[in-house]
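Engineer: here is a sequence with its predicted model. Questions after.
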There are 4 protein chains.
Amino acid sequence: MPPETTTPNSSRRSERSRRAILDATYGLVMEKGYAKLTIEAIAARAGVGKQTIYRWWPSKGAVMFDAFFDAAYSGGEDIALPDTGDIEADLKAVLRATVDEYNDPEYSARLRALNSEVLADSQLSAELFDRMLAPGLAAYRTRLEAAQQAGQIAAGADLETAVELLLSPIQYRWQLGPGPLTHAFADSIVDIVLPGLRPPHPEG
Amino acid sequence: MPPETTTPNSSRRSERSRRAILDATYGLVMEKGYAKLTIEAIAARAGVGKQTIYRWWPSKGAVMFDAFFDAAYSGGEDIALPDTGDIEADLKAVLRATVDEYNDPEYSARLRALNSEVLADSQLSAELFDRMLAPGLAAYRTRLEAAQQAGQIAAGADLETAVELLLSPIQYRWQLGPGPLTHAFADSIVDIVLPGLRPPHPEG
Amino acid sequence: MPPETTTPNSSRRSERSRRAILDATYGLVMEKGYAKLTIEAIAARAGVGKQTIYRWWPSKGAVMFDAFFDAAYSGGEDIALPDTGDIEADLKAVLRATVDEYNDPEYSARLRALNSEVLADSQLSAELFDRMLAPGLAAYRTRLEAAQQAGQIAAGADLETAVELLLSPIQYRWQLGPGPLTHAFADSIVDIVLPGLRPPHPEG
Amino acid sequence: MPPETTTPNSSRRSERSRRAILDATYGLVMEKGYAKLTIEAIAARAGVGKQTIYRWWPSKGAVMFDAFFDAAYSGGEDIALPDTGDIEADLKAVLRATVDEYNDPEYSARLRALNSEVLADSQLSAELFDRMLAPGLAAYRTRLEAAQQAGQIAAGADLETAVELLLSPIQYRWQLGPGPLTHAFADSIVDIVLPGLRPPHPEG
DNA sequence: CGTTAACCGAGACGGTACGTCTCGTCTTCAG
DNA sequence: CTGAAGACGAGACGTACCGTCTCGGTTAACG
């Protein structure tokens, strides 16, 4: 299997420089924000010539993208939702954790930078989704399918939409701020969505 | 009625310049995109000194913000959802219209520019929501309250969350692209959310 | 016939503003130097609208010119060289005093500003000479003519040139710095020029 | 012999840009005058980024200085006064030539720009003198020393002052305009200064 | 086991845009 | 109905970065 990364590899490429660039980028975005990130600053902090950056990445966004992906998924951890058999409890637990994550300033800053870049260059949008969000959505879907098999969710339910219904309100509040991101809000989401997915003749 | 604008007023201020700046900004964002919008280009097209822009707006984002708000809500049209008595049909109709709007390239470009700016400067976030989104959400809420009064929705339902559940998935798909923005998707949202809000003992 | 001065008069003109402008100008040149003098700063310090300056003076140089002339010759003092009968002693005394004046930092700054402006706008050159230097030269000439009448200077001597020979080397050193401006230098000038003006058969 | 220039050298420096900047500067000063010279105009005409100017020169005056020095002394011609044995004739010939030079409009404009700048920034004053005037003064001094050796000038005469006495009146008239710059004026200077330098017992 | 070509750091280059400053004109409003 | 206050169009200032382009100096693969 060929290594599927944004940046092409080469035997001549200096791994030391690549690491220094990604680390410098990550640090600078955290400190100054994405809007004030400059190639020159990255090169200076990384102790690298500007050309070395331009040689391997097509744009500032691409560098940041790699830097963040690298930072987030270096462990390559498998993501799967817990399955206690109680779909409601499981969903609430995971959504509460998600809310906590969004409330973490560092995570929030990271996400803000990524989304800002993605909105400007819609080509990155697909990549962001495929590499960083799709695995998460798939995990939700897997959990919902298990619940479906267990008869807790109607056979014909539209799980695709269901997953997005669970996650998008959190992203929405985080991004536009119509209300606070609390555990209660996470619970509310589940309390509305889950009944809408129940099988027609509940266990009575 | 005093004119309610973001930027402070002054009897000395030239209305002619203000209009020219907003129009030039709107046109330039549509033509070149927000990323390539420059203050110098706005000033040149508006036939205005740069200082006149810097005097009245604190940032490029603020100018664009005003330009868009001005373009979108110049009519001051009242927004209210239709009420045929059939909450499901009404919601689907409105969400389908919303989907169509997001699929319009011009509207999409406008929104992209706004959101991109808003993500970078979180101070604008609240303003964007209050001035441009809150009225829409309120209209949804009003319609849901009517349905609640009509007994189509449970008395204790969390309408705040319900509104966000209806709208956020569309924004989510538009922004991150996990799937196509279709009428069917709009219907799916209603088909899941509405049952979750129904009163416990429906009309039987 | 209208009064031919730099600044036209008018019965409507506010003397209070005129004074405030000249004083502010003089002070600002002394504090920041002529190069950093701006109309806006003058107006601000004088508590005057910019238009009031532009109404009465054609250029920044003209304002400064008036300010300096006003400061220097407000007393309208008559200038005449001493006449002790000893032309050599008299000239040396006056040139030594002139050297001292040039060595005074405040006087030097003033002169520097004036000359700088005059070099740029040659129209002011004649005015500078006529109003500020010509009276001085005339005083020298008067003293030399007295010496001529006393037989200490040849009858046919070119006194016009003689006066300039006495004064120009001091201006030259001050402006271009080929050497220090000392009393010894002043004496040297007289020691060379005066013998060149002596009558052919001195009192023997 | 190392190249003696104001601006530091570097192997990385583009000689092509340096030349283009100096040429553009010289041309623009001649066309529009020093007061209307702008860095932007120099950069535009030279086809050069502004930063390339700011990188190598500290101020507008310094650029102009180099441009003029470069234009005037590119040949590196040795300057020496003629020596026909007749000191009076030699001095008059050279001073008449100097007067002609000052009367040349192009030379005059050049000199006006230089002096104007020098007066404003006294740091440039010393440099102007050392690089552009001192060699001339030295040539005069050499000629006077020759005359001294030939017995035409007193052994103890102050030649330093004598040289300045010969040159400064011309600069003075040119700059302040108390009278016309003619050959007769040049002769008058020599006619007064030279007798003042004669040995006490002439050829008898 | 030397040649040589790519990659490296450094940073100068032609440019664009920034946000500020000042110019000289034009407009408003208080005394 | 003058004059201070200051907004306006204009445009230069000096700075920050852009993305491209040499420079020498390693450094690793090939011949």
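Structural biologist: Now that the structure is in, tell me what you want to look at.
Engineer: only C-alpha atoms from now on, for both contacts and neighbour counts.
Structural biologist: OK.
Engineer: what sits closest to the residue in chain A that chain C sits nearest to if chain neighbours are left out?
Structural biologist: Going by C-alpha to the nearest C-alpha, chain C is nearest to A:Lys36 of chain A, at 33.4 Å. In this structure, A:Lys36 finds its nearest non-sequential neighbour in A:Val29, 7.8 Å apart by C-alpha to C-alpha, 6 or more residues apart in numbering or on different chains.
Engineer: residues from chain A in reach of DNA strand F?
Structural biologist: Residues of chain A lying close to DNA strand F by C-alpha under 7 Å from any atom of the strand are A:11-12, A:36-41, A:50-51, A:54, A:59-60.
Engineer: so for A:Gly61, what's the pLDDT?
Structural biologist: A:Gly61 carries a pLDDT value of 87.
Engineer: same question for A:His201.
Structural biologist: The model's pLDDT for A:His201 equals 62.
Engineer: can you check A:Ala134 too?
Structural biologist: 88.
Engineer: and for it, nearest residue in space, chain neighbours not counted?
Structural biologist: B:Pro178 (7.8 Å).
Engineer: before we move on, what SS does that neighbour have?
Structural biologist: When classified by DSSP: H, G, I helix; E, B strand; the rest coil, B:Pro178 comes out as coil.
Engineer: quick check: it touching A:Phe129?
Structural biologist: Yes - assessed by C-alpha atoms under 8 Å, B:Pro178 is found in contact with A:Phe129 at 6.9 Å.
Engineer: packing partners of the helix or strand harbouring the residue nearest to A:Lys36?
Structural biologist: Following DSSP states H and E, one finds A:Val29 within helix A:15-32. On a contact count with 3 or more C-alpha pairs under 8 Å, 6 or more residues apart in numbering or on different chains; DSSP states H and E, helix A:15-32 meets helix A:39-46, helix A:60-73, helix A:105-120.
Engineer: count of neighbours near the closest residue to A:Leu124 other than its chain neighbours?
Structural biologist: Nearest non-adjacent residue to A:Leu124, counting by C-alpha to C-alpha, 6+ apart: A:Val118, 5.4 Å away. When neighbours are counted by other C-alpha atoms under 10 Å in any protein chain shown, A:Val118 registers 23.
Engineer: hmm, back to that, ok, how many other residues are close to the residue nearest to A:Ala134?
Structural biologist: 18.
Engineer: show me what contacts it?
Structural biologist: A:126, A:129, A:134 (C-alpha atoms under 8 Å, 6 or more residues apart in numbering or on different chains).
Engineer: now the buried members of these.
Structural biologist: With burial judged by 16 or more other C-alpha atoms under 10 Å in any protein chain shown, the buried subset of the contacts of B:Pro178 is A:126, A:129.
Engineer: which of the contacts of B:Pro178 sits closest to C:Val190?
Structural biologist: Nearest to C:Val190 among the contacts of B:Pro178 is A:Ala126, at 90.7 Å by C-alpha to C-alpha.
Engineer: quick check: the closest one vs A:Ala134, distance?
Structural biologist: 10 Å (C-alpha to C-alpha, to the nearest Å).
Engineer: on that earlier part again, neighbours of the residue nearest to A:Lys36, how many?
Structural biologist: By other C-alpha under 10 Å, the residues close to A:Val29 number 21.
Engineer: can you list the residues of chain A near DNA strand E?
Structural biologist: Taking C-alpha under 7 Å from any atom of the strand as the contact definition, chain A meets DNA strand E at A:10, A:12-15, A:17, A:44, A:47-52, A:55.
Engineer: how about 6 Å then?
Structural biologist: A:12-14, A:17, A:47-52 (C-alpha under 6 Å from any atom of the strand).
Engineer: before we move on, back to that, which of the helices and strands packed on helix A:15-32 sits closest to D:Asp187?
Structural biologist: From the helices and strands packed on helix A:15-32, taking C-alpha to C-alpha, the stretch that ends up closest is helix A:39-46, at 65.2 Å.
Engineer: alright, calling it a day.
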